[in-house]
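# got a predicted structure plus its sequence, pasted below:
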Amino acid sequence: MGRVRPQIAPWWRSVLGILAGRGFQALVVALVVGIVSFIMMQALPGDASYRIAAGRYGYDMMDAASAEIVRLELGLDRPWWMQLSTWLGELATFDLGRSHVYGSRVVDEVAKQLNYSLLLAGGAVVASLVIAIPVGIAAGMRPGGKIDHVSLALSIFLRAIPAFALGIVLVLVFAVQLGLMPVAGFRGLQHLVLPSLTLGLGLAAVSSRVVRDAVAEAMSAEWRLFSRTKGLTARRTVVSHVLRNASLPVVAYVGVQGAYLIEGVVIVETVFAWPGIGHSLVHAIFGRDVAMVQGTALALGLIYVGLNLVIDLVCRLIDPRSA
Amino acid sequence: MNAMAHDETSPMKQRLAISTSRMAGLLLFAALGGAAAFGPALVGHDPASQSLLDARQGPSAEHLLGTDHLGRDMAARLLSGARLSLGLALLSVVSAGIPGALLGVLAARSGGWTDRLLTAFADAVLALPGLLLVLMLAAIAPGSWWALYVGISLTLWVEYFRYTRQRARVVLAAPQVEASRMLGFGPSLILRRHLIPEIGPGLLTIAAFGAATAVTAVAALGFVSVGIRPPQAEWGVMMTELLPYWREAPWLILQPVAALVLTVLALHLSVGGMRRP
């Protein structure tokens, strides 16, 4: 035998592992959403064939014979497990059907709403960074100082406020008392301010502490002392060394907060009547529009998986040992 | 490797050391719990009885916290909501925590296919963001509290399971447990002497955060008209009902908001710190 080669797995193996794991998660999401939607459909009050016949022919034209035709045509007389497999088969071919309320295709509706939700999520992330980075840096430069204590107390308090309650408080303060911002709906960018501030503050409550910890650690590192010793000014040290080293955990953390954002979007959109996917999901549940429930929940779940996939890959890029 | 054989096992006493903020949290939670238990009887108003002539009054001797848009007593409604939220949270913490922890021990003890199946089920629950899952399960039977309760418990048990499984694997493989076994002690002593002191404090922390999550979820779903329905006095439902009167009577909508925030804050503070184990 010649040289002993070090046992390092090739890079593509870990990437493939990540892809396979998240692909499986996406499958589970589709299965859970599909099955729950199917149960929701079965749990609707009344006979489904009468309901669909009424929707097709109008309540006046519908009778037992037309309901029977619908029942045979859609196979509603088959056992539940055959109906479920048909349902999941349609899901697997991305046939999400039509909204029972609007009559339009679910895919089109979801695509339209997704733009608004992504805009809101983007606004929230920007707001959280604008708040968390200065606060976290100021607190981390002097751990145990006044700014550190005050920002810790604020962070604990903000974390205890659910996003929709915070939204209500912000509306009361800014829109009603001060008359500064529009309250609800979407007719321009100023409508984006309050909803994204609501979600952004919730995100910043945690991420400001992450920035603070990272900066505090970087400030006490030996290489910082060295860069000062070799003649860099304090300001230059912070800008080119401390912040750069502190940025990695922060970037990773923005991704971790994806679950908070998705949950937040669902509820906060309702507070501000934001025409996004979360608002639509809640409306569809209220109106028993099962096709829309399935489409929007599937979209939110798959975005969650996709976000996790991106985080995995970025972590793998930053630190190849982690995968 | 997450199985750290030389993990520093700090004793229960040390981890449950009481700081000022934790004391404040515990006292606040005790006060809220007491109010939820005894308050409705003390207020002497029916949370559902309306009196349109007395609508949207400020605080008075008759109505301590004023009245809402239908003239219902706010104090009675807030306390009734507290009883509902805390009761549902307690119920779901118990019915998520006990099976979660037991299954965690089971998975750690048996290993093999039992472990794999349970872990796969837990991962399936975690595949969706928690609130989304609760929302969908609650949507199967909108307006019923049991769908809410089942959804919340089904989402929350995973945390107990994962934590217990991971810790129990470490503890059961530790030399002192092996020594106990070789001395002939049975599983009940190993559970009492080794496992419970080790995982107890962590489970309490998870329970407090889980209760906070449950209270928040009940209010959030009530607020978006998917959970508890009016005329039931529930904090989220009250927020929806009082939102239209924010201009004329902002103090009314702020009351359920404050009740919710205080409850979550008390639960967070009572276990000290912001991080889950």
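Received the coordinates, thanks.
# near chain B, which residues of the stretch 201-323 of chain A show up?
Proximity of the stretch 201-323 of chain A to chain B is confined to A:206, A:209, A:259, A:262-263, A:266-267, A:270-271, A:281-282, A:285-286, A:288, A:293, A:297, A:300-301, A:304-305 under the rule C-beta under 8 Å from any C-beta of the partner chain. The C-beta positions use only the backbone N, C-alpha and C, and glycine is treated the same way.
# one more pass at 6 Å, please.
A:Ala259, A:Ile262, A:Glu263, A:Ile267, A:Thr270, A:Val282, A:Ile285, A:Phe286, A:Ala297, A:Leu300, A:Gly301, A:Tyr304 (C-beta under 6 Å from any C-beta of the partner chain).
# once you drop chain neighbours, what's closest to the fourth one?
If you skip the residues right next to it in sequence, A:Ile267 has A:Phe164 as its closest partner in space, 4.5 Å away by C-beta to C-beta, 6 or more residues apart in numbering or on different chains.
# lowest average confidence, helix or strand, in the chain?
Using chain A. helix A:243-256 (a mean of 67; mean pLDDT, DSSP states H and E).
# what's the following helix or strand after it?
Note on helix A:243-256: by DSSP states H and E, the next helix or strand toward the C-terminus is helix A:258-271.
# quick one: the helices in the stretch 1-150 of chain B?
Along the stretch 1-150 of chain B, counting by DSSP state H, counting those that start in this stretch, helices occupy B:12-15, B:20-43, B:74-110, B:112-126, B:130-140, B:145-173.
# next SSE after the last one?
In the C-terminal direction, the helix or strand that comes right after helix B:145-173 (DSSP H and E) is helix B:175-182.
# helices and strands around that following helix, which ones?
With contacts defined as 3 or more C-beta pairs under 6 Å, 6 or more residues apart in numbering or on different chains; DSSP states H and E, helix B:175-182 has no helix or strand neighbours.
# list the buried residues in it.
Neighbour-count burial for helix B:175-182 flags B:Val177, B:Ser180 (criterion: 16 or more other C-beta atoms under 10 Å in any protein chain shown).
# tell me the mean pLDDT for that helix?
If you average the pLDDT over helix B:175-182, you get 82.
# for the very next helix or strand once past it, packing partners?
Once the chain leaves helix B:175-182, the next helix or strand it forms, by DSSP H and E, is helix B:187-189. For helix B:187-189, there is no helix or strand it packs on, judged by 3+ C-beta pairs under 6 Å, 6+ apart.
# and after helix B:187-189, which helix or strand comes next?
helix B:196-223.
# show residues contacting the helix or strand that that following helix is followed by.
As assigned by DSSP H and E, the chain's next helix or strand after helix B:196-223 is helix B:235-242. The contact list for helix B:235-242 (C-beta atoms under 6 Å, 6 or more residues apart in numbering or on different chains) reads B:Gly81, B:Ala219, B:Gly222, B:Phe223, B:Ile228, B:Pro230, B:Leu252, B:Ile253, B:Pro256, B:Ala259, B:Leu260.
# now, of these, which are buried?
By 16+ other C-beta under 10 Å, the contacts of helix B:235-242 give B:Gly81, B:Ala219, B:Gly222, B:Phe223, B:Ile228, B:Leu252, B:Ile253, B:Pro256, B:Ala259, B:Leu260 as buried.
# and those residues as JSON lines, adding distance to A:Ser117 and pLDDT?
Shown next, in JSON lines, are the buried ones among the contacts of helix B:235-242 (distance: C-beta to C-beta, whole Å; pLDDT from 0 to 100):
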{"residue": "B:Gly81", "distance to A:Ser117": "30", "pLDDT": "87"}
{"residue": "B:Ala219", "distance to A:Ser117": "22", "pLDDT": "90"}
{"residue": "B:Gly222", "distance to A:Ser117": "22", "pLDDT": "87"}
{"residue": "B:Phe223", "distance to A:Ser117": "19", "pLDDT": "87"}
{"residue": "B:Ile228", "distance to A:Ser117": "26", "pLDDT": "80"}
{"residue": "B:Leu252", "distance to A:Ser117": "31", "pLDDT": "83"}
{"residue": "B:Ile253", "distance to A:Ser117": "26", "pLDDT": "84"}
{"residue": "B:Pro256", "distance to A:Ser117": "27", "pLDDT": "91"}
{"residue": "B:Ala259", "distance to A:Ser117": "30", "pLDDT": "91"}
{"residue": "B:Leu260", "distance to A:Ser117": "25", "pLDDT": "92"}
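# out of the residues you listed, which touch chain A?
Applying C-beta under 6 Å from any C-beta to those, one finds that B:Phe223, B:Leu260 fall near chain A.
# neighbours of A:Ile303, how many?
Per other C-beta atoms under 10 Å in any protein chain shown, the neighbour tally for A:Ile303 reads 21.
# what's the end-to-end length of stretch A:155-163?
Stretch A:155-163 has an end-to-end distance of 14 Å (criterion: C-alpha to C-alpha, to the nearest Å).
# what mean pLDDT does it have?
Here the average pLDDT along stretch A:155-163 is 86.
# what residues of that stretch count as buried?
For stretch A:155-163, the neighbour count (16+ other C-beta under 10 Å) marks A:Ser155, A:Ile156, A:Leu158, A:Arg159, A:Ala160, A:Ile161, A:Pro162, A:Ala163 as buried.
# for A:Phe38, see how far away the nearest residue to A:Ser66 once chain neighbours are set aside is.
Distance criterion C-beta to C-beta, 6+ apart; nearest residue to A:Ser66, sequence neighbours excluded, is A:Ala53 at 4.7 Å. Using C-beta to C-beta, to the nearest Å, A:Ala53 is found at 20 Å from A:Phe38.
# out of these two, which sits in the more crowded spot?
Set A:Ala53 next to A:Phe38 and count neighbours by other C-beta under 10 Å: A:Ala53 wins out with 23 against 19.
# in the stretch 201-323 of chain A, where is pLDDT below threshold?
Scanning the stretch 201-323 of chain A for pLDDT under 70 picks out A:241-248, A:250-252, A:254-256, A:315, A:318-323.
# report the contact partners of residue 156.
I'll assume chain A. Counting by C-beta under 6 Å, 6+ apart, A:Ile156 makes contact with nothing.
# hmm, I had chain B in mind actually
Contacts of B:Leu156 by C-beta under 6 Å, 6+ apart are B:Ala96, B:Gly210.
# hang on, the earlier thing: now the residues of the stretch 201-323 of chain A next to chain B as CSV including distance to B:Ser19?
What follows is those, written out as CSV (distance: C-beta to C-beta, whole Å):
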residue, distance to B:Ser19
A:Ala259, 29
A:Ile262, 34
A:Glu263, 30
A:Ile267, 32
A:Thr270, 37
A:Val282, 39
A:Ile285, 42
A:Phe286, 44
A:Ala297, 41
A:Leu300, 39
A:Gly301, 39
A:Tyr304, 36
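# need the buried ones from those residues selected in ChimeraX.
Of those, the buried ones can be selected in ChimeraX as follows, counting by 16+ other C-beta under 10 Å:
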select /A:259,262,263,267,270,282,285,297,300,301,304
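# identify the farthest-apart pair in the residues of the stretch 201-323 of chain A next to chain B.
A:Ala259 and A:Phe286 (23.5 Å; C-beta to C-beta).
# and the strands in chain A?
Using DSSP state E, no strands are assigned anywhere in chain A.
# wait, what's in contact with the residue nearest in space to the middle of it?
Nearest to the mean C-alpha position of chain A, counting by C-alpha atoms, centre = their mean, stands A:Ile262 at 2.6 Å. Going by C-beta under 6 Å, 6+ apart, A:Ile262 touches A:Leu300, A:Tyr304, B:Pro129.
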